[in-house]
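>>> structure of the sequence below:
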Amino acid sequence: NLKNQIMTTNLWVEQYWNDYKLTWDPREYGGVDTLHVPSDHIWRPDIVLYNNADGNFEVTLATKAVLDSKGRIQWKPPAIYKSSCEIDVEFFPFDEQTCIMKFGSWTYDGFKVDLRHKDEVIGSRAVQYGIDLSEFYLSVEWDVLEVPAMKHKKYYTCCEEPYIDITFNISKCLSSMRRKTLFYTVNLIIPCMGISFLTVLVFYLPSDSGEKVALSVSILLSLTVFFLLLAEIIPPTSLVVPLLGKYLLFTMILVTLSICVTVVVLNVHFRSSATHKMAPWVKRVFIHLLPRLLLMRRPPYTPGSGISPDSDGAVDTIHSNCDSYQSKHNRTVVRTCNRTQLSDYNSQTDCGTGITQLCLFPNQ
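Reported below is the predicted structural model:
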């Protein structure tokens with residue numbers, strides 16, 4: 001359980017011990033060598049899970065134990081444990097987690113109960129294969145390759161006796177517990193990357209379509225939904241921000257900036273000569289400076305227009321001729337804009353900005 005930081009395991013707790021009081025001679029009892037006895041009728045070590053997370057520290061199902069004539073007892077009860085596990089979500093969903101299961105006696109010290117792993121080698125406290133994974137059912141979310149066990153002897157301040165425990169490490173350091181990433185890649189990462197790519201298409205959408213801002217806002221809302229979905233999966237921690245969360249936050253910031261840029265572009269696009277006048281610095285930047293930086297050239301000049309396209313006073317010449325004709329002939333001058341005829345003049349490309357006017361002279 002990633003959100004609650006709990007690892008649930010269904011296992012058999014195999015316990016072996018010797019009880020010298022429970023020995024007999026099989027020849028005196030008809031050759032009976034083994035007995036199946038209720039575990040409640042014999043002494044059992046109080047082995048519990050120290051890092052339990054649900055309140056059930058010991059085995060709840062008291063199955064029968066197998067007793068042989070030499071006093072050796074085998075008890076293999078099934079149990080479902082929920083152990084606390086600190087989750088590190090920094091690289092979610094490409095993360096590897098460290099989880100442990102710490103077993104030990106609750107009341108007996110190390111002098112009374114010497115806890116050992118059944119595969120422990122004398123002189124070594126570590127066991128490479130602490131849990132038998134031959135009957136392990138594959139998890140749909142995690143890959144467990146090996147689980148080593150380590151024996152610890154700890155002294156507490158209250159007591160002089162050592163207390164022994166065996167810790168099974170399901171970790172990224174001593175073993176491998178790796179998350180399967182296919183589910184999150186298909187359902188979370190790929191859709192987020194696809195939606196993020198749509199942000200680029202906002203700048204290719206024509207301004208006259210009227211959908212630039214709507215597309216940007218839709219992308220931002222979609223990323224917000226995925227971010228809330230991620231917050232529902234990971235535990236509420238303030239220690240680290242998951243890698244996928246950083247990506248979503250960064251993308252949401254970029255989409256927000258693209259919305260601001262789109263609003264500015266639409267504001268400039270729909271300006272007209274009746275409401276705005278082009279500032280000198282705008283003309284200097286977008287007509288003289290940027291074309292040089294972008295290696296842009298003016299279209300070829302069409303002869304017969306009477307106006308040099310390289311002249312900065314072309315527009316002033318048109319205005320002067322119109323005003324002169326109006327005052328001389330006392331006629332009404334019709335001022336209009338023709339995008340086709342003025343397309344050759346790079347300094348008067350946008351008729352909506354009010355920098356171009358044509359005079360239509362009536363025939364005499």
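>>> what segments of the stretch 1-150 of the chain are helices?
Under the criterion DSSP state H, counting those that start in this stretch, the stretch 1-150 of the chain carries no helices.
>>> quick one: low-confidence parts of it?
Segments of the stretch 1-150 of the chain classed as low confidence (criterion: pLDDT under 70) are 55-58, 60, 145.
>>> quick one, strands of it?
Applying DSSP state E, counting those that start in this stretch to the stretch 1-150 of the chain gives strands spanning 6-12, 15-18, 34-38, 47-49, 64-68, 72-75, 78-84, 99-105, 126-127, 142-144, 149-155.
>>> C-terminal to the last one, what's the next element?
Scanning the chain past strand 149-155 towards its C-terminal end, the next helix or strand to appear is strand 162-170 (assignment: DSSP states H and E).
>>> quick one: average confidence on that following strand?
For strand 162-170, the mean pLDDT works out to 71.
>>> who touches that strand?
Contact partners of strand 162-170, identified using Cβ atoms under 8 Å, 6 or more residues apart in numbering, comprise 7, 50, 97-105, 109-111, 113-117, 130-131, 144, 147-156, 175, 177. All C-beta atoms are positioned from the backbone trio N, CA, C, and that covers glycine.
>>> list buried residues within the residues you listed.
The neighbour count (16 or more other Cβ atoms under 10 Å) marks 7, 97-105, 109-110, 113, 115, 117, 130-131, 144, 147-151, 175, 177 as buried among those.
>>> dump the strands of the stretch 1-150 of the chain into TSV; add distance to Cys260 as well.
TSV is the format used below for those (distance: least, Cβ to Cβ, whole Å):
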stretch	distance to Cys260
strand 6-12	44
strand 15-18	67
strand 34-38	75
strand 47-49	55
strand 64-68	73
strand 72-75	69
strand 78-84	46
strand 99-105	45
strand 126-127	59
strand 142-144	43
strand 149-155	56
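>>> which of those strands sits closest to Pro291?
Between Pro291 and the strands of the stretch 1-150 of the chain, the shortest separation by Cβ to Cβ is 58.2 Å, and it involves strand 142-144.
>>> direction included, what does the closest one pair against?
Note on strand 142-144: by DSSP bridges, its sheet partners are strand 177-179 (antiparallel).
>>> in the following helix or strand past the strand it pairs with, what's buried?
Proceeding N to C from strand 177-179, the next assigned helix or strand is helix 182-184, under DSSP H and E. With burial defined by 16+ other Cβ under 10 Å, the residues of helix 182-184 counted as buried are Tyr184.
>>> hmm, who's touching helix 182-184?
The set of residues that contact helix 182-184 without belonging to it, under Cβ under 8 Å, 6+ apart, is 92-93, 140-141.
>>> swap in 10 Å and give it another go.
With Cβ atoms under 10 Å, 6 or more residues apart in numbering as the contact definition, helix 182-184 has outside contacts at 92-94, 140-141, 190, 230, 233, 244.
>>> same question for it, mean pLDDT?
Mean predicted lDDT for helix 182-184 stands at 82.
>>> how about stretch 277-294?
The predicted model assigns stretch 277-294 a mean pLDDT of 84.
>>> on that earlier part again, which of the contacts of helix 182-184 count as buried?
With burial judged by 16+ other Cβ under 10 Å, the buried subset of the contacts of helix 182-184 is 92-93, 230, 244.
>>> save those residues as TSV, and put in distance to Lys70 too.
Listed next are the buried ones among the contacts of helix 182-184 as TSV, based on distance: Cβ to Cβ, whole Å:
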residue	distance to Lys70
Phe92	52
Pro93	52
Leu230	58
Leu244	58
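>>> nearest to Val32 among those?
For the buried ones among the contacts of helix 182-184, the nearest to Val32 is Pro93 (56.7 Å; Cβ to Cβ).
>>> wait, isn't the closest one in contact with Ile189?
Yes - with contact defined as Cβ atoms under 10 Å, Pro93 counts as touching Ile189 (7.7 Å).
>>> mind listing what's buried along stretch 116-123?
Neighbour-count burial for stretch 116-123 flags 117, 120 (criterion: 16+ other Cβ under 10 Å).
>>> tell me which residues are up against it.
14-16, 103, 125-130, 132, 149-151, 164, 166, 168.
>>> chain center to it: distance?
Mean-position distance between stretch 116-123 and its chain equals 42 Å (Cα atoms, centre = their mean, to the nearest Å).
>>> same check, this time on stretch 18-33
Computed by Cα atoms, centre = their mean, the separation of stretch 18-33 from the middle of its chain amounts to 62 Å.
>>> ends of that stretch, what's the gap?
15 Å (Cα to Cα, to the nearest Å).
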